[in-house]
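1. Here's a sequence, model it:
(2 chains)
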Amino acid sequence: MIDLATDYLGLKLKNPLVPSASPLTRNLDAALRLEDAGAAALVMYSLFEEELRAEDAMMERFLLQSGIGHAEAQDFLPDQGEFRGGLERYAEQLQQLKARLGIPVVASLNGVSLSGWIELGRALQEAGADALELNVYHVAGDMQEAGEVVEARYLSLLGELRKVVRLPIIMKLSPFFSSLPNFVASLERAGAAGVALFNRFYQPDIDLDTLCVVDRLRLSTAEEALLRIRWLSILHGRTRLTLAATGGVHSHEEAMKMLLVGADVVHLASCLLEHGPSRLAQILADMERWMSEREYASVAQLKGSMSQKNLADPSAMARSSYLRVLDSFSPRPGVWS
Amino acid sequence: MTHTLTLDGNEAVARIAYLGSEVIAIYPITPASSMGEWADEWASQGRTNLWGAVPAIIEMQSEGGAAGTLHGALTSGALATSFTASQGLLLMVPNLYKIAGELTPFVLYVAARAIATHALSIFGDQSDVMACRGTGCALLAANSPQEAQDLALVAQAATLAGRVPVIHFFDGFRTSHEVAKIEAVSADTVRAMLDADLIAAHRSRALSPEHPVLRGTSQNPDVFFQSRERANPFYDAFPEIVQAAMDRFGELTGRSYRLFEYFGAEDAERVIVLMGSGAETVHETVEHLRARDEKVGVLKVRLYRPFAPDALLAALPRTARAVAVLDRCKEPGADGEPLYKDVVTALAQAAADGTRTMPRVIGGRYGLASKEFTPGMVMAVFDELAATAPKRSFTIGIRDDLTHLSLPWDEDFRTDASRRLQHAVFWGLGADGTVSANKNSIKIVGESTELMAQGYFVYDSKKSGAVTVSHLRFGPATIRSSYLVEAGMAGFVACHQPMFVDRYDVLAHAAPDGVFLLNTPVAPDAVWETLPQSLREQIRDKRLRLWVIDAYAVAAEAGMGRRINTIMQTCFFAISGILPKDEAIAAIKLAVDKTYGRKSARLAELNHRAIDMTLAQLHAVAIPTVEPEAAPAPAAVGAQLPDFVREVTLPIYYGRGDALPVSRFPADGTYPLGTARYEKRNIALEIPVWEPDLCTQCGKCVFVCPHTAIRSRLFSVDATSDAPPSFKHVPAKSKDFPAGTHISYQVAPEDCTGCGDCVEACPIHDKSNVSRRAVNMAPIGPLRDQERENLEFFLGLPEFDRGMIKQNTIPSAMLLDPLFEFSGACAGCGETPYIRLATQLFGDRMLIANATGCSSIYGGNLPSTPYTVNDDGRGPAWSNSLFEDNAEFGLGMRLAADKLMDYAKLLVRELANEIGGDLAEGLVAADQGAEAGITEQRRRVAHLRERLSASAHPRASELASVAEWLIRRSVWIIGGDGWAYDIGYGGLDHVLALPYDVNILVLDTEVYSNTGGQTSKATPIGAVAKFSAGGKATTKKDLARLATAYDHVYVASVAYGAKDTQTLRVFHEAESYPGPSLIVAYSPCIAHGYDMLYNQRQQELAVKSGHWPLFRSDPRLAEAGGNPFKLDSAAPSQPMSAFMESETRFAMLARSHPEEAKRLLAAAQDEAERRFKAYQDMAQRHAREPKPGT
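-> Below is the predicted model:
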């Protein structure tokens, strides 16, 4: 029997497969099916700062302060004593998941400023979250904002939450840091319990008919795993933080690669949205088969075995084989000749 | 310990009504609506009545419908009630006779309001209640929110005991909307008052198949009369029963009431008799006079019907030698109002019986439509009573320079009670939250101190840029001042908007040595120089302490956007001294937590931060010892104004309407057009700027503008030789016009509301900068003067020949002059573009019947009207009859037009020799189907007049008097969905069923917008609205499809934001169709809960999701053998969720009732698909067989 157990933010998980933040956890049934399929923990759908702000704005303007000063209409929609804000609905869903699932549940916050959110972390802790994932979705597009200021933003958010929350906090990072290892070290000093590499920015698109910017959701592809593999490999063994791989895992192959370079857990989302919970069971079974065929005894045994530190040629993960890769590209027949 | 509540009269009454009811049938009407809204909200939250059940709340199609439902519920054993006022009460009258005739226990709660006569008024007086004197209902008056609550329970107890139904009334607005601290009646008290045996007795009389009876017979002359007299004992007994209930209530609560309650000197010589809130002002004045040993008193009438003369006589001191009876109503032509005559009768009978000396009794009218009634006016009445020859019939509160009935009064008189109170006045914008913050402040003071508190709010009749004035009072004893804070009495005055200091006398209320708080972006050390001279003088003269804060800056810094109400509220508590500062701040924070509670911890935290920041940003301003140069006064307007505008319209606009004397007003409610343009409300912070280099002259900006604040005109370039330098104009792109024809798109800077809809509608993008359009918003500051001048020039250009303008495309139709401009509708209103369009196309020949509602308020609420005239002086002639009868009203206009045209033609034929055969023939046979034909007919009529003026024929002047009817009139019947789908549907249906040529425009906002968003049958499934707090469970009535059941009706469904060309086409088709036409027009409304900037986007979504399919059904096509039905929108391409999730009215349900929201969304999707399929089938059905011979 292969021991798939792993450590994640101080939690003992039965295996490294953890569905990441996605709409699946909005639905209790879907969450239960994921647990049945073998998920070791769940990251809940993200509580988006923008969503809460938009909801606040809606409530403030159209429910609480909708008066226009006309004698016949003090307001325009009934007062909703029963109106529950996004945070409360999130906390309720968290409580429900906790009550019905046997596996740890991680709450996920997605925001850039978290202003006015001091109570947030505490509320989620009280609602029973096992950990918090902080997804700082910040597009650093300001010419005046230096890289260190961007880093400071992450660190201060972490610090604020750290003050009110006992729970382990994992930081979900973008790949756009000048010196990721140095920054991860700063996060560790500031009290993070882990880092998840990497979040995927949903890229704006353009509608050529209307010349409007449109948001399109594109699911990840397996190719995206490669970026994660490099950076996990570099970080493994250089930090005590939990390392979570997120983005591009669609089969046991990417999952194994992530573990080999040092991931403690492997997140899944796009493949589950596309194929349903059975894909998780499939990946798990394939992982066991792969390990069994190669006589691995445990995940612990192979975790990080191919990290940069353990590679014979560490530069392979640093500059990789840059020239070789480029040279290996041959165009499709007929494209150039 | 006494439990106190701080709430308004309506909520106080609704609490008691709800506890004692099983069935509540409601219908919205100002100022009673909120009682029904409370009941509906409580029911949706599962709150129970006294017996542990949730009452059934049912909204009916009208008050008449509600009354019928109540009658049915009552006669079947339920305890049932309703809330109403004014026209609503009148609609209930027939059933009130029935309910009373059958001796049914029942209480109807009425926020008494004026009845529409020469004009509609939503404000308070007792005309409506007085119109119910004959119904057999008892009339019980309450004078304050406390009494309104208490007597609501007394009424319930008494009606159960005496079987006489009770109309429990209190003054609309003054009591219904006054926020006051009152002692609460507990559920236990209600239980103790409502005798279970009497309830059982009521149920035992119910219709039941278990012991059946017959009720509601028809009776013949032999027995009806006797039967009617049979109920006398119940009425004879009822006053005592009411008194017994009052006594029982007194035992339970310590608050006792009398049928006629006297207060004053035991040996009073002068007494005022009245009922309602004014009685409290008289009480306060009597107290003042008693302290000076004046022999005066007030007799408050509580039970007006059944009238108990003995009780009245027992309460009225025998020493009274002069009595003034005040009625808050008018009975034209009578020799006295009802209460006056009843009192005179009681006293005369006693005198005739020899039991009493007859005093002098005079009668006066006061307070019609919430006219102020102050202690100074009370003093005037007492003074009149002391005169040797007082006026027998008088008015008080107005200046009557016509019939000279009014008494003069001392505006500076103040009572001791008033001087003991702390008064505060706040000037705010309707949308800045000032009123809600003040309601909150009253609650804070009411609930955290021993002080009594009162708040009354003066609102605006505008729906955009509305001004509110909040009047607050605090004091240790009961506050009886049922009038506004008086001049010079407010120790605290706040002006929440800096621009008000130039427009209004904001310091008129300020008391000497008081505090003036101003929200201004100007730094404290520079603010003095920016204040107008008159304001500075008042500050110096009254020794006011001036405080300033830049609330918008604090709000922005605190992350609150432009929400300043919490900040201004904090300032009030920080510097007014009403409460210790720290205590007050803690209380505000607690109130914030209560408001945001479960809804948003984040907002609560932001508010806390704003409160803390406010204190650091609040600055006292040192008044300079040397007066700096005054800011130049704004240029005086008015030199070239029409007399009526200068003497009546503008004084009303500037808040001086109270001072206008009787003679200034039209006697019959008839007002001139074109007055909105003089208001210049200046409410936009940003206005559109036209970019001629980019513009393709498509006209969409003009089409969508809700306030006609951007418009286009054609003119010869030669006419621009003296144009202001910044006036923009370019050659017209259309080839239809002669060379040298130029076009301009001109903004009206001081009439624009800054909604931005024009920019959103502009389809043009700068090729190098996609966000630059052919119109863009820009700050008004540097543009105001220049654009004001440009507008004046633009409007002075001669009207372009309409005959040269094609009316069937948007770019050219938008060149037609609008005859509807600058209304008071909400910024971004989705109704007004339809009305403006109709006036562009047909305005010079329109007769408009307008149902009561938003369109009658922005169309005809004084001081001004947006309807206007063209260069020839022609324009839409407009009137509002009622809410419920608009289709019939419009039909009457059609019949008059047709009949008088027939008569004129008859005379033309008769005088054919006199006027010339060709002209006569032309006049009679004119084809006026299109504008050219009408223009031609106008020429003929002018010709006719010339010939008639030279004629000696005895019938020539008769023909001249009806000649104008030879010109075809375009009759438009306009109203909202509340009218068309609900209260007026019977009439609408009837008019549709007839063959007459009327154009019915239904501005469908899917909710009763004007009264604050109550559910109508147009409200879609899944929407939250008042009276559907738990989400509307049934689908929207498909009015247009119903109308297609009549083969002879032109029917169309339009949404201009989705397809403006279809809208334009429909208006032409409807108007040209010679029978009834119905246009159901999708009209985005602020009640939908999204920024009205996205008005057009939401219309598009409504159409693309299948919520609002576009179609036309034209009987003319059927006549020609075709299919009349044309579907103008494609199959739904978006899910209903995309539409519903983007509007708060739907989205909030997912946050309050998530499971129900899911269910209703699925049902809405299903309904949209089914409906579209049905339309597709209609569009694809085979053409009917052509009629033989066609």
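2. Wait, residue B:343 touches residue B:327, no?
-> No: Residue B:343 is beyond contact range of residue B:327, at 10.0 Å (criterion: Cβ atoms under 8 Å). Any C-beta I mention is one placed from the backbone N, CA and C, and that applies to glycine too.
3. Check the contact between residue B:991 and residue B:999; I expect there is one.
-> No: between residue B:991 and residue B:999 there is no contact, the gap being 11.0 Å when judged by Cβ under 8 Å.
4. which neighbours do these two share?
-> Taking Cβ atoms under 8 Å, 6 or more residues apart in numbering or on different chains as the criterion, residue B:991 and residue B:999 both touch residue B:973.
5. Relative to chain B, which residue of the stretch 201-337 of chain A is the closest?
-> Nearest to chain B, among the residues of the stretch 201-337 of chain A, is residue A:211, at 5.4 Å (Cβ to the nearest Cβ).
6. who touches that residue in this structure?
-> If you count contacts by Cβ under 8 Å, 6+ apart, residue A:211 has them with B:765, B:770.
7. residues near the residue of the stretch 1001-1150 of chain B found nearest chain A, how many?
-> Of all residues in the stretch 1001-1150 of chain B, residue B:1012 sits closest to chain A, at 3.4 Å by Cβ to the nearest Cβ. Residue B:1012: 26 surrounding residues under other Cβ atoms under 10 Å in any protein chain shown.
8. ok, and the closest non-adjacent residue to it?
-> residue A:73 (3.4 Å; Cβ to Cβ, 6 or more residues apart in numbering or on different chains).
9. Pull the number of nearby residues for the one you found.
-> Using other Cβ under 10 Å, residue A:73 has 27 other residues around it.
10. Tell me where chain A has helices.
-> Using DSSP state H, the helices of chain A run over A:28-37, A:49-58, A:86-100, A:118-126, A:147-164, A:180-189, A:225-235, A:252-261, A:270-275, A:278-293, A:299-302, A:315-318, A:322-327.
11. could I get the ones you listed as JSON lines with mean neighbour count, distance to residue B:987 and mean pLDDT?
-> JSON lines is the format used below for those (neighbours: other Cβ atoms under 10 Å in any protein chain shown; distance: least, Cβ to Cβ, whole Å; pLDDT from 0 to 100):
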{"stretch": "helix A:28-37", "mean neighbour count": "17", "distance to residue B:987": "52", "mean pLDDT": "94"}
{"stretch": "helix A:49-58", "mean neighbour count": "18", "distance to residue B:987": "38", "mean pLDDT": "84"}
{"stretch": "helix A:86-100", "mean neighbour count": "18", "distance to residue B:987": "46", "mean pLDDT": "91"}
{"stretch": "helix A:118-126", "mean neighbour count": "19", "distance to residue B:987": "55", "mean pLDDT": "80"}
{"stretch": "helix A:147-164", "mean neighbour count": "16", "distance to residue B:987": "63", "mean pLDDT": "89"}
{"stretch": "helix A:180-189", "mean neighbour count": "17", "distance to residue B:987": "72", "mean pLDDT": "96"}
{"stretch": "helix A:225-235", "mean neighbour count": "22", "distance to residue B:987": "70", "mean pLDDT": "95"}
{"stretch": "helix A:252-261", "mean neighbour count": "24", "distance to residue B:987": "71", "mean pLDDT": "97"}
{"stretch": "helix A:270-275", "mean neighbour count": "18", "distance to residue B:987": "55", "mean pLDDT": "93"}
{"stretch": "helix A:278-293", "mean neighbour count": "17", "distance to residue B:987": "63", "mean pLDDT": "96"}
{"stretch": "helix A:299-302", "mean neighbour count": "17", "distance to residue B:987": "78", "mean pLDDT": "95"}
{"stretch": "helix A:315-318", "mean neighbour count": "14", "distance to residue B:987": "82", "mean pLDDT": "72"}
{"stretch": "helix A:322-327", "mean neighbour count": "9", "distance to residue B:987": "80", "mean pLDDT": "57"}
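12. Save these as JSON lines, and put in distance to residue B:59 too.
-> Shown next, in JSON lines, are the helices of chain A (distance: least, Cβ to Cβ, whole Å):
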{"stretch": "helix A:28-37", "distance to residue B:59": "36"}
{"stretch": "helix A:49-58", "distance to residue B:59": "25"}
{"stretch": "helix A:86-100", "distance to residue B:59": "29"}
{"stretch": "helix A:118-126", "distance to residue B:59": "38"}
{"stretch": "helix A:147-164", "distance to residue B:59": "47"}
{"stretch": "helix A:180-189", "distance to residue B:59": "58"}
{"stretch": "helix A:225-235", "distance to residue B:59": "58"}
{"stretch": "helix A:252-261", "distance to residue B:59": "59"}
{"stretch": "helix A:270-275", "distance to residue B:59": "44"}
{"stretch": "helix A:278-293", "distance to residue B:59": "50"}
{"stretch": "helix A:299-302", "distance to residue B:59": "63"}
{"stretch": "helix A:315-318", "distance to residue B:59": "70"}
{"stretch": "helix A:322-327", "distance to residue B:59": "71"}
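13. Including distance to chain B, could those helices go into a markdown table?
-> As requested, these are exported to a markdown table (distance: least, Cβ to the nearest Cβ, whole Å):
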| stretch | distance to chain B |
| --- | --- |
| helix A:28-37 | 13 |
| helix A:49-58 | 5 |
| helix A:86-100 | 5 |
| helix A:118-126 | 4 |
| helix A:147-164 | 12 |
| helix A:180-189 | 25 |
| helix A:225-235 | 32 |
| helix A:252-261 | 34 |
| helix A:270-275 | 18 |
| helix A:278-293 | 26 |
| helix A:299-302 | 39 |
| helix A:315-318 | 42 |
| helix A:322-327 | 36 |
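14. quick one: buried residues of stretch B:317-332?
-> Under the neighbour-count criterion of 16 or more other Cβ atoms under 10 Å in any protein chain shown, stretch B:317-332 has B:317, B:319-331 buried.
15. same check, this time on stretch B:1149-1156
-> Under 16+ other Cβ under 10 Å, the buried positions of stretch B:1149-1156 are B:1149-1153.
16. Could you pull up the residues touching residue B:703?
-> By Cβ under 8 Å, 6+ apart, the neighbours of residue B:703 are B:761, B:810, B:814, B:833, B:837, B:1056, B:1060.
17. Can you flag which of the residues you listed belong to helices?
-> Among the contacts of residue B:703, the residues falling in helices (DSSP H) are B:761, B:810, B:833, B:837, B:1060.
18. Just give me the closest of those residues to chain A.
-> Among the ones in helices among the contacts of residue B:703, and counting by Cβ to the nearest Cβ, the member closest to chain A is residue B:761, at 13.6 Å.
19. can you pull out the helices in the stretch 951-1100 of chain B?
-> B:956-962, B:977, B:985-993, B:1039-1043, B:1060-1072, B:1095-1104 (DSSP state H, counting those that start in this stretch).
20. Just the buried positions in stretch B:1113-1121, please.
-> Under the neighbour-count criterion of 16+ other Cβ under 10 Å, stretch B:1113-1121 has B:1113-1115, B:1117-1118 buried.
21. repeat for stretch B:419-426
-> Of the residues in stretch B:419-426, those buried under the neighbour-count criterion (16+ other Cβ under 10 Å) are B:421-426.
22. pLDDT added to these, as JSON lines?
-> Below are the buried residues of stretch B:419-426 laid out as JSON lines (pLDDT from 0 to 100):
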{"residue": "B:421", "pLDDT": "97"}
{"residue": "B:422", "pLDDT": "96"}
{"residue": "B:423", "pLDDT": "97"}
{"residue": "B:424", "pLDDT": "98"}
{"residue": "B:425", "pLDDT": "98"}
{"residue": "B:426", "pLDDT": "98"}
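23. Mark which of those are part of strands, please.
-> B:422-426 (DSSP state E).
24. Quick check: the two most widely separated of those?
-> The distance between the two most remote of those (Cβ to Cβ) is 13.6 Å, for B:422 and B:426.
25. ok, for residue A:231, nearest residue in space, not its chain neighbours?
-> residue A:197 (5.3 Å).
26. Report the beta-bridge partners for that neighbour.
-> As for beta bridges, residue A:197 partners with residue A:173, residue A:245 under DSSP bridges.
27. What lies in contact with the strand or helix carrying residue B:788?
-> Using DSSP states H and E, the element containing residue B:788 is helix B:784-796. Under the criterion Cβ under 8 Å, 6+ apart, residues B:682, B:687, B:711, B:713, B:723-724, B:726-728, B:744, B:746-750 lie in contact with helix B:784-796.
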